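Visitor: sequence and computational prediction follow.
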Amino acid sequence: MTQEGLYQQIVKKRSFLCVGLDSDILKIPSHLQKSSHPVIDFNKAIIDATHELCIAYKPNMAFYESRGAEGWEDLSRSVEYIRSIDPDIFLIADAKRGDIGNTASMYAKAFFEHMDFDAVTISPYMGRESVEPFLEYRDKWVILLGMTSNPGAEDFQFQNLENGNLLYEEVIRKGAGWAGPDRMMFVAGATRAELISGIRTIIPDHFLLVPGIGVQGGNLEDVVSAGMNHHFGLIVNSSRSILYADASVDFANTAREKALELQLNMSALMD
């Protein structure tokens with residue numbers, strides 16, 4: 001998907017919501033556990049309930065890889081189902097890969113050729129070589145980890161460098177030099193919304209993927225105030241507060257209500 005295509009989806013749906021498909025087989029409603037494919041049934045119900053309200057889905061690879069071949073099958077079938085329902089949805093593989101050379105090339109092939117994702121989250125620790133193989137694919141995106149929402153971000157990301165920058169600022173500045181705003185996005189955690197305005201001075205035109213809204217305590221209004229640009233420039237993710245809002249047989253309706261609440265708030269903030 002192109003940058004313009006993503007922008008048009010936001011305008012069309014009056015939404016910049018991403019639903020994180022962190023589908024934990026131990027947390028899905030108990031009545032689905034009797035199914036032969038409980039995660040697929042759960043994902044399909046969530047997708048049916050929310051696809052009109054969001055512009056992206058973000059499966060977290062750990063919840064699928066941890067279950068071996070069956071998990072990979074559930075992931076593949078979920079991607080295929082999303083494409084059949086709404087082929088213009090932006091699909092993010094939340095994989096946090098970060099290797100170099102042939103290994104990075106094989107990761108890119110897996111997610112962009114075999115799985116039909118639009119974007120992959122990448123750890124920047126090994127530098128440019130870990131990113132370039134993903135950028136070889138036309139109209140595909142790298143989402144580089146910049147400033148994350150977890151408490152442990154303090155361990156490295158906020159270290160002061162000799163040039164006066166913080167480490168996460170240097171990562172964002174360098175990453176923006178590897179690809180333009182039509183190919184590169186950055187993760188910026190909602191729990192540190194007060195710092196997003198500073199990130200915008202470094203990358204005024206790039207999209208930001210913003211986790212941390214909902215259970216983690218991030219505030220949507222603060223994120224929008226600090227991070228929205230002329231192309232909206234935000235993809236705000238919500239996972240647990242939508243997926244696991246209800247464990248009853250009515251879980252999909254409740255998920256829709258939670259997604260609708262966010263979408264309506266986003267729509268109001270777009271004006």
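Guide: Alright, I've got the coordinates. Residues are numbered from 1 along each chain as shown.

Visitor: contacts and neighbour counts: CA atoms only from here.
Guide: Fine.

Visitor: before we move on, which element is Ile92 in?
Guide: Following DSSP states H and E, the helix or strand that holds Ile92 is strand 90-97.

Visitor: that strand packs against which elements?
Guide: The criterion is 3 or more Cα pairs under 8 Å, 6 or more residues apart in numbering; DSSP states H and E, and the helices and strands that strand 90-97 contacts are strand 56-57, strand 119-122.

Visitor: what comes into contact with that strand?
Guide: Applying Cα atoms under 8 Å, 6 or more residues apart in numbering, the external contacts of strand 90-97 come out as 1, 6, 55-62, 79, 104, 107, 111, 117-123, 145.

Visitor: of the residues you listed, buried ones?
Guide: 1, 6, 55-61, 79, 104, 107, 111, 117-123, 145 (16 or more other Cα atoms under 10 Å).

Visitor: which one of the helices and strands packed on strand 90-97 lies closest to Val236?
Guide: Distance to Val236, taken as Cα to Cα, is lowest for strand 56-57 among those, at 9.2 Å.

Visitor: helices and strands around the next helix or strand after that closest one, which ones?
Guide: Taking DSSP H and E as the definition, the helix or strand that follows strand 56-57 towards the C-terminus is helix 62-65. For helix 62-65, the helices and strands in contact under the criterion 3+ Cα pairs under 8 Å, 6+ apart are helix 68-85.

Visitor: got a list of contacts for the helix it packs on?
Guide: Outside helix 68-85, the residues that touch it by Cα under 8 Å, 6+ apart are 37, 39-40, 43-44, 47, 59, 63-65, 89, 91, 115-117.

Visitor: how about the residue nearest to the spatial centre of the chain, what does it touch?
Guide: Closest to where the C-alpha atoms of the chain average out (Cα atoms, centre = their mean) is Lys58, at 4.8 Å. Contact criterion Cα under 8 Å, 6+ apart gives Cys18, Val19, Gly20, Leu21, Asp22, Leu91, Ile92, Ala93, Asp94 as the residues in contact with Lys58.

Visitor: those: which two are farthest apart?
Guide: Across the contacts of Lys58, the two members that end up farthest from each other (Cα to Cα) are Asp22 and Leu91, 13.5 Å apart.

Visitor: so if I had to pick from these two, which one is more boxed in?
Guide: Using other Cα atoms under 10 Å, the more surrounded residue of Asp22 and Leu91 is Leu91, with 23 against 20.

Visitor: could I get the pLDDT score of the more buried one?
Guide: Confidence at Leu91, expressed as pLDDT, is 98.

Visitor: tell me what it is bridged to.
Guide: Assessed by DSSP bridges, Leu91 has beta-bridge partners Tyr57.

Visitor: tell me the residue furthest from the middle of the chain?
Guide: Distance from the centre of the chain peaks at Glu162, with 31.8 Å (Cα atoms, centre = their mean).

Visitor: could you measure that residue against Asp155, distance?
Guide: 17 Å (Cα to Cα, to the nearest Å).

Visitor: Glu169 too?
Guide: 15 Å.

Visitor: ok, now Gln9?
Guide: In this view, Gln9 and Asp155 are 37 Å apart by Cα to Cα.

Visitor: neighbour count: those two, which is higher?
Guide: Under the criterion of other Cα under 10 Å, the comparison of Gln9 against Asp155 puts Gln9 first, with 18 against 8.
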